[in-house]
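K.L.:
Please work out how this folds:
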Amino acid sequence: MRGFFLLLTLLFLQTAWAQTPQAQVMEAWVRATVAGQQSTGAFLTLQSAVPLKLVEVRSPLAAAAEIHEMRVDDDGVMRMRAVSWLNVPAGKATQLKPGGYHIMLLELKAQAKAGERTTLTLVLEDAARQRQEIEVIAEIRALNAPPRHMPQQ
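P.N.:
Got it, this is the predicted structure:
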């Protein structure tokens, strides 16, 4: 009987550990849109104690969300393309920002209005292919709002 309780305790601790978020999300925000605009960008900073991959994003504001990369091609032209996932290295801040990696919210269901908030659900995967979801509230900021700087840690 004692072994059964020990096994039960270990299973409980393993489940609790697996559900503990391994990543922190900071400064999540979405760029406001004008009426009729069908897409916008979402930006944030991810930090994790262990290596992770950002593999999926969802938002009730959009029918689809994709991880995108801005990159200068061989001809010197800045291009944007969807990527399947984004590495989040252990111990380093990974910024999703304008002009770099970011999230595209596509087929917007409503206008993203400055001063409002929306939810972003981030799906992260660890080396064992275990997935966790982190839900964050993102502020919608005006098109011309200056970037905010994160405090140094």
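K.L.:
Run a quick neighbour tally on the nearest residue to residue 90 once chain neighbours are set aside.
P.N.:
The shortest distance from residue 90 to any residue other than its chain neighbours is 4.8 Å, reached at residue 51 (CB to CB, 6 or more residues apart in numbering). C-beta here means a position set from N, CA and C on the backbone, and glycine is covered the same way. By other CB atoms under 10 Å, the residues close to residue 51 number 14.
K.L.:
My read is that residue 51 contacts residue 91, right?
P.N.:
No - contact criterion CB atoms under 8 Å: residue 51 and residue 91 do not qualify, at 9.2 Å.
K.L.:
how close does the residue lying closest to residue 96 once chain neighbours are set aside get to residue 91?
P.N.:
Closest residue to residue 96 apart from its sequence neighbours, by CB to CB, 6+ apart: residue 102 at 4.9 Å. Using CB to CB, to the nearest Å, residue 102 is found at 22 Å from residue 91.
K.L.:
Please apply the same query to residue 142.
P.N.:
33 Å.
K.L.:
Repeat that for residue 60.
P.N.:
32 Å.
K.L.:
Could you do residue 122 as well?
P.N.:
Taking CB to CB, one finds residue 122 at 18 Å from residue 91.
K.L.:
which one of the two has more residues nearby?
P.N.:
residue 122 (25 against 9).
K.L.:
does the nearest residue to residue 44 once chain neighbours are set aside sit in a helix or strand, and which one?
P.N.:
Once flanking residues are discounted, residue 44 sits nearest to residue 28: 4.0 Å by CB to CB, 6+ apart. If you go by DSSP states H and E, residue 28 is part of strand 23-31.
K.L.:
Which other helices and strands does that strand contact?
P.N.:
Using 3 or more CB pairs under 8 Å, 6 or more residues apart in numbering; DSSP states H and E, the elements in contact with strand 23-31 are strand 39-48, strand 117-125, strand 131-141.
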